[in-house]
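1. give me a model of this one.
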Amino acid sequence: MALLVRDALLVRDALLVRDALLVRDAPLVRYALLVCLALPACAPHHGEAWSRAIDAGASAFSDGRYADAAEYYREAAAAALRVKDRDEALFLEARTLARMERWDDARRAYAALAALKPAGPRAPRAAFEEARLVIEHGDETEGWALIERAIERYPSHGSTRLALTHFLAVFAEHRGEAALRERITSWLPRFVGTDSEQRLEYELGRSLERSGELAAAHAALLHAARRHPYPKGSLTDDALFVASHVAERMGDVKLAILDLEEMLVVREIATGGSYERPRFPAARMRIGELFRDKSGDFRAARDAFRAVGRLHETSILADDAAWQEGLMARRLGDGPGACEAAERLVATFTSSRYVGCVSELCPSARAPAGRECADYIRRELSPETPSAEPTSTSSTPSE
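-> Next up is the predicted model:
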């Protein structure tokens with residue numbers, strides 16, 4: 001594998017020089033040649049013995065010859081010139097032993113790797129893998145204790161996010177929500193500044209929500225979002241989205257909308273696009289639904305639905321929003337507005353489920369041949385229907 005990576009870099013360098021020569025750009029040629037000269041000097045030197053053993057192990061693993069693969073990885077670890085390469089080979093050996101269902105040997109291999117260099121790049125993953133094996137093939141209580149220890153030792157490692165979420169869920173299931181909040185509160189001071197800090201703050205809010213302490217839950221979720229504003233927080237948008245649902249449960253629709261608008265106000269624009277965030281289309285859609293269903297403000301709802309298609313035209317919710325925009329225009333007695341939304345549906349969203357119903361929304365609009373209107377959509381056009389059914393985005397997200 002190391003040899004393949006080296007060869008790929010050489011090919012890339014050759015292509016860079018070729019392209020520079022083709023365009024006859026002298027500065028670019030000089031830059032390309034400098035890159036080619038510099039890369040070999042900067043590239044890590046693994047050693048031929050390590051590279052051969054790693055490649056042989058990868059080949060054997062791919063062929064299903066796991067015992068051979070484990071042996072090759074042990075050879076690679078012994079031949080490694082760098083600590084990083086040694087730990088990588090040891091990790092691959094442990095993974096191979098697990099693939100062979102040699103659970104005790106795999107656990108010992110992971111534990112030995114984590115103890116060999118606790119600050120090494122593979123130690124955190126090894127610690128979590130050992131814990132997982134103990135949970136699945138040994139003593140579950142001991143395994144979760146190992147997970148807890150790994151979380152405390154490596155709060156900013158990538159493996160910690162999922163492990164922490166699962167740990168807190170299991171803890172709440174066995175000890176209850178009150179005990180969970182005590183554990184989170186005791187952990188927070190030692191996790192300040194780590195990647196797990198916002199996760200703990202967010203889970204504190206979710207626990208309060210599950211316990212029915214809605215005002216405290218809303219405050220905790222806002223704290224989790226505002227203490228880690230975009231672009232620093234990985235759960236900032238989630239916290240605001242859930243806070244909106246909590247505010248709705250509190251009966252404060254205006255606050256529910258403000259929570260979503262707080263999320264949407266930070267939207268970076270880039271040349272040719274934007275730094276789109278996954279919650280944005282659902283948040284705008286939810287604002288429209290809140291205006292439509294809770295406030296009865298069809299004009300504000302129409303504006304919100306229109307914004308979904310205008311600002312998030314590639315979202316899977318864009319055609320739902322266009323249809324809702326047309327329905328709101330119809331409710332407001334705005335025939336031209338309903339027709340504009342219907343015609344946009346036909347022109348932009350040809351595969352949408354709503355296209356077969358456009359003539360029901362606007363008599364002058366024509367659905368493509370063969371497209372029929374489903375009864376459940378036609379019912380949304382009935383004057384007796386108070387509002388359309390909420391989209392799936394209206395449900396409180398689960399973790």
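
2. is it true that Lys84 touches Gly120?
-> Yes. Using Cβ atoms under 8 Å, Lys84 is in contact with Gly120, at 7.4 Å. The C-beta positions use only the backbone N, C-alpha and C, and glycine is treated the same way.

3. okay, these two: which has more neighbours?
-> Gly120 (19 against 15; other Cβ atoms under 10 Å).

4. A strand includes the more buried one, no?
-> No. Applying DSSP: H, G, I helix; E, B strand; the rest coil, one finds Gly120 to be coil, outside a strand.

5. OK, contacts around it?
-> 83-84, 87, 113 (Cβ atoms under 8 Å, 6 or more residues apart in numbering).

6. any idea how far Thr141 lies from Ile147?
-> Thr141 sits 11 Å away from Ile147, going by Cβ to Cβ, to the nearest Å.

7. higher neighbour count, these two?
-> Ile147 (23 against 11).

8. helix, strand or coil: sort out that one for me.
-> helix.

9. next up, the contacts around it.
-> 128, 131-132, 135, 163, 166-167.

10. what's the farthest-apart pair in these?
-> Arg132 and Phe167 (11.7 Å; Cβ to Cβ).

11. before we move on, back to that, and which of the contacts of Gly120 is nearest to Val308?
-> Closest to Val308, out of all of the contacts of Gly120 and judged by Cβ to Cβ, is Lys84, at 47.0 Å.

12. how much space is there between the closest residue to Glu197 other than its chain neighbours and Ser156?
-> Nearest residue to Glu197, sequence neighbours excluded (Cβ to Cβ, 6 or more residues apart in numbering): Phe191, at 4.8 Å. The gap separating Phe191 from Ser156 is 9 Å, by Cβ to Cβ.

13. then Gly233?
-> Counting by Cβ to Cβ, the gap from Gly233 to Ser156 is 14 Å.

14. out of these two, which sits in the busier spot?
-> Gly233 (20 against 13).

15. quick one, what contacts the more buried one?
-> Gly233 neighbours (Cβ under 8 Å, 6+ apart): 198, 224-225, 227, 239.

16. dump those residues to CSV, plus neighbour count.
-> Output for the contacts of Gly233, formatted as CSV (neighbours: other Cβ atoms under 10 Å):
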residue, neighbour count
Gln198, 22
Ala224, 27
Ala225, 27
Arg227, 15
Ala239, 26
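
17. which parts of this protein are strands?
-> Counting by DSSP state E, the segments of the chain that form strands are 269-270, 273-274.

18. ranking those by mean pLDDT, which is last?
-> Of all the strands of the chain, mean pLDDT reaches its minimum on strand 273-274 (a mean of 60).

19. list the buried ones in stretch 82-97?
-> Neighbour counts over stretch 82-97 (16 or more other Cβ atoms under 10 Å) mark 85-97 as buried.

20. kindly apply the preceding question to stretch 176-189 instead.
-> 177, 180-181, 183-184, 187.

21. pull the contacting residues for the residue nearest to Leu264 when sequence neighbours are not counted.
-> In space, and not counting its chain neighbours, Leu264 is closest to Ala283: 5.7 Å by Cβ to Cβ, 6+ apart. Residues counted as contacts of Ala283 (Cβ under 8 Å, 6+ apart) are 237, 240-241, 244, 260, 263-264.

22. measure Ala283 to Ile257 for me?
-> 10 Å.

23. any idea how far His137 is from the residue nearest to Leu264?
-> 43 Å.

24. before we move on, what about Ala216?
-> From Ala216 to His137 the distance is 40 Å (Cβ to Cβ).

25. domains in this structure, as residue ranges please.
-> With domains defined by automatic domain parsing, the chain comprises 2-42, 286-394.

26. show me where pLDDT drops low in the protein?
-> Residue ranges of the chain with pLDDT under 70: 1-43, 271-274, 383-399.

27. at 80 instead, please
-> Judged by pLDDT under 80, the chain has its weakly predicted residues at 1-44, 268-276, 382-399.

28. circling back to that earlier point, for the contacts of Gly233, which one is nearest Glu71?
-> Closest to Glu71, out of all of the contacts of Gly233 and judged by Cβ to Cβ, is Gln198, at 43.6 Å.

29. list the contacts of the closest one.
-> Residues in contact with Gln198 (Cβ under 8 Å, 6+ apart) are 224, 227-228, 233-236, 239.

30. so which of those are in helices?
-> Mapping those onto helices (DSSP state H) picks out 224, 227, 236, 239.

31. next up, the contacts around the residue nearest to the third one when sequence neighbours are not counted.
-> In other words, Thr236. Nearest non-adjacent residue to Thr236, counting by Cβ to Cβ, 6+ apart: Ala225, 4.8 Å away. By Cβ under 8 Å, 6+ apart, the residues touching Ala225 are 233, 235-237, 239-240, 243, 262-263.

32. which of those ranks first by neighbour count?
-> Within the contacts of Ala225, most neighbours by other Cβ under 10 Å means Ala243, with 28 neighbours.

33. from Asp105, how far out is the closest residue to it other than its chain neighbours?
-> Among residues not flanking Ala243 along the chain, Leu221 sits closest, at 4.0 Å (Cβ to Cβ, 6+ apart). Look at Leu221 and Asp105: by Cβ to Cβ, they are 45 Å apart.
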